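>>> Compute the structure for the input listed below.
(chains A and B)
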Amino acid sequence: MDETSKKLIEVKDLKTHFPIRAGVLSRTVGWVKAVDGVSFSIQRGQTLGLVGESGCGKTTVGRTLMRLIRATGGSFEFDGDEVFSLPAGRMKRFRQEVQMMFQDPFGSLNPRMTVEDIIGEPLLVHRVAQGRRRQRVAELMEKVGLSPQHLNRYPHEFSGGQRQRIGVARALALDPKFLICDEPVSALDVSIQSQIINLLQDLQSQLNLTYLFIAHDLAVVEHISDWVAVMYLGHIVEYANRDTLYTNPLHPYTVSLLSAIPEPTPNRQKKRIVLKGEVPSPSNPPSGCPFHPRCPLAEKRCAEENQRLEAKDASGQHWAACWKTTDEKIRQLRSQSFSD
Amino acid sequence: MTDRTPTTENSNEPVKGRSLWADGIRRLRKRKLAMVCFAVVMMYFMLAGLIYLNEVLDWKITLFDWRQAVGPSYQKPWVGYEWTPEGQTAPQRDWVFFGTDFLGQSTWRKMIYASKTSITVALFASIISILIGVPMGAVAGYFRGWVDDTIVWLYTTVGTIPGIVLIMAFAVVLRAQTFFGAELKGITAVYVAMGLTSWVGICRLIRGEIIKRKESEYVLAARALGCSNRRIIFKHLLPNVFHVIIIDFSLRFVHFIHAEVILSFLGLGEADKPSWGAMIDAARTELARNVWWEMAAATVAIFVVSLALNIFGDALRDCLDPKLRTD
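Numbers count the residues shown, from 1 in each chain, chains lettered A, B, ... in the order given. Here you go, the predicted model:
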């Protein structure tokens, strides 16, 4: 990783645990460790893709960083400030500089508000562009490819892709530095997905935005990200720059995920690694490495201790949480599923 | 290529949007039965309003003058009779629509006048219960925690007492009180009592709706933008549960009309002005003498307004709830 001054985001050992309450007195009988020790950093103007299957805690990471959910532990440094202990006054500035995009284009816009009110709301709340709000909203709509003629329309009068553009416009209203995109395209058709992704990329280069891009679609993440973090059961199991991760995955979970990407050429034979069983419950995670009950390479040691995320190459571009990354077996696994 | 809506004209005039409200009302207007029922309900409201104006502005409309005797006691409907009105010497022939009561007053006029009593009670009781129930439900659902526990405890406690008993107790107590200088008497005590005891249903309903919507993405989005709690409740949550309030209002209205009838029947309602409950109360002794028309008049009036309100309320729910949208 490069010099610290270029880092906009630095997350260290982030933990978000939810209590499980039961009984008449609502005693806490256990914890769901949705996010359990996640660390990463993002440089200014870059994109970190955060992938993992449903329920692995990626959305919780996004919401915790937005301070929509209280973090149980860890730190989040944004532009040099520790966010989790920001006083209320500074919090307002944080809310301007960090914005969020949501997954559901139908649920993330208030159905009773017009587009003008929705996109203009951040301006209103933060008292920006007073007196020329309508003009600013029209500019934003044009920027995201919507016609400003539709200012007075309601969300239900738009298609899914258009609604997501409204979401982008709302997120951009305050000229943020950092955008958390929580599965912004997974609810859209493939053709619309590419439009939204291209839009996000164009905006990134125009406005020097930094993205945390949460998704479960590996192809989408490969397209947009500079760095990729793979999550499993609240942990990051592999963290590398994009090209390294996609060509040379080290963690068996990443290898099996990548082997599941459908191949566009029908004749090419590739062996898919089908994982057995279900993702374990985060309220009762397995001992040792969280992936060991499903790992094709697991051995006794994996059930006993968890390997922390550590650098696997000299330049510090590739991190993985597995003992066996240098093992012959992972190479075999990789060659099985990536054979040409 | 793009998913931009093709626009027919190139002018930069903003296109007018259609809100969910406008949508719902458009759907409602397509339902003939619901619109007929709405007209019936409006007729009752207009009658109540006219009676009120007649009293305030002293228009002396004969139809609303229920005090005047129009014949001897217990005259049958539509049957002619001869009688001598007070202050006159010569007897005259007359007939009266819907007959007369013990005092010779027109049952028809009493029935019409009683709609003012009922509508006033139901309207104010609804407003009071909404003013109490909605804010409490919203606060409980939004903040949860000890606020929620307290409010839930309060409404479960109030809710366990049988409604009519509680209303009677309140009505009796309130009758003797003065409130902000005004004496609570007659129907005022009735609707204040009903409002103070009937907020439980709407409070519970709103609390549930708010809990359901609080975790929705548009509320999260508002929080992520830095909206205050007040703004989230008033701009994002309440407009989205407002249709629930309207629907509940329309169905609750019937309940209040019935409650007023029961209280008047029990002698706790309006003492010196006609009400449907008092008419039914009077009919208890009259029915033995084969005088059925006072009972019939009150029953028909209650039946028509209840039926119309129920059908209209159901149609409102079908049309205003975005989840039940069919077209």
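>>> Tell me which residues of whichever helix in chain B runs longest come out buried.
The residue-count maximum for a helix in chain B (DSSP state H) belongs to helix B:107-143. Counting neighbours by 16 or more other C-beta atoms under 10 Å in any protein chain shown, one finds that the buried residues in helix B:107-143 are B:107-126, B:128-130, B:132-134, B:136-142. Any C-beta I mention is one placed from the backbone N, CA and C, and that applies to glycine too.
>>> Equivalent analysis for stretch A:20-29, please.
Buried residues in stretch A:20-29 (16+ other C-beta under 10 Å): none.
>>> Same check on stretch B:211-224?
B:213, B:214, B:216, B:217, B:218, B:219, B:220, B:221, B:222, B:223, B:224.
>>> what bits of the stretch 1-150 of chain A have low per-residue confidence?
Applying pLDDT under 70 to the stretch 1-150 of chain A flags the ranges A:1-5.
>>> quick one: contacts for the residue in it that chain B sits nearest to?
Per C-beta to the nearest C-beta, residue A:95 is where the stretch 1-150 of chain A lies closest to chain B, at 3.4 Å. By C-beta atoms under 8 Å, 6 or more residues apart in numbering or on different chains, the residues touching residue A:95 are A:126, B:224, B:225, B:226.
>>> Equivalent analysis for residue A:29, please.
Applying C-beta under 8 Å, 6+ apart, the residues near residue A:29 are A:20, A:21, A:22, A:23.
>>> Please identify which of these is nearest to residue A:295.
Distance to residue A:295, by C-beta to C-beta, is smallest for residue A:20 among the contacts of residue A:29, at 26.8 Å.
>>> which SS state does that closest one fall under?
Classification of residue A:20 using DSSP: H, G, I helix; E, B strand; the rest coil returns strand.
>>> Who does residue A:238 form a beta bridge with?
residue A:230, residue A:320 (DSSP bridges).
>>> wait, it sits on residue A:253?
Yes: contact criterion C-beta atoms under 8 Å: residue A:238 and residue A:253 qualify, at 7.4 Å.
>>> shared neighbours of those two, which are they?
Common neighbours of residue A:238 and residue A:253 (C-beta under 8 Å, 6+ apart) are residue A:230.
>>> where in the stretch 201-340 of chain A is pLDDT low?
Using pLDDT under 70, the stretch 201-340 of chain A drops low at A:268-270, A:337-340.
>>> now the stretch 1-150 of chain B
Under the criterion pLDDT under 70, the flagged ranges of the stretch 1-150 of chain B are B:1-12.
>>> how about the nearest residue to the residue of it found nearest chain A, chain neighbours excluded?
Using C-beta to the nearest C-beta, the closest approach of the stretch 1-150 of chain B to chain A is made by residue B:17 at 3.5 Å. Excluding the flanking residues, the one nearest residue B:17 by C-beta to C-beta, 6 or more residues apart in numbering or on different chains is residue A:153, at 3.5 Å.
>>> Any idea how many residues pack against the one you found?
A count of nearby residues for residue A:153, using other C-beta atoms under 10 Å in any protein chain shown, gives 23.
>>> and stretch B:42-53, C-alpha only, in CSV?
Extracted in CSV, the C-alpha atoms of stretch B:42-53 (Å, rounded to 0.1, in the frame of the first residue of the first chain):
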residue,chain,number,x,y,z
MET,B,42,-71.6,13.9,2.4
MET,B,43,-75.3,14.5,2.6
TYR,B,44,-75.3,13.7,6.3
PHE,B,45,-72.4,16.0,6.8
MET,B,46,-74.1,18.8,4.8
LEU,B,47,-77.3,18.3,6.8
ALA,B,48,-75.3,18.6,10.0
GLY,B,49,-73.6,21.7,8.7
LEU,B,50,-76.9,23.3,7.6
ILE,B,51,-78.5,22.6,10.9
TYR,B,52,-75.5,24.2,12.7
LEU,B,53,-75.7,27.3,10.4
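>>> Relative to chain B, how far out is residue A:311?
Computed as C-beta to the nearest C-beta, to the nearest Å, the residue A:311 to chain B distance reads 34 Å.
>>> ok, back up a step: quick one: the host helix or strand of the residue of the stretch 1-150 of chain A closest to chain B to chain centroid distance?
Per DSSP states H and E, residue A:95 falls inside helix A:88-97. Its chain's average C-alpha position is 22 Å from that of helix A:88-97, according to C-alpha atoms, centre = their mean, to the nearest Å.
>>> That one: which residues count as buried?
Neighbour counts over helix A:88-97 (16+ other C-beta under 10 Å) mark A:94, A:95, A:96 as buried.
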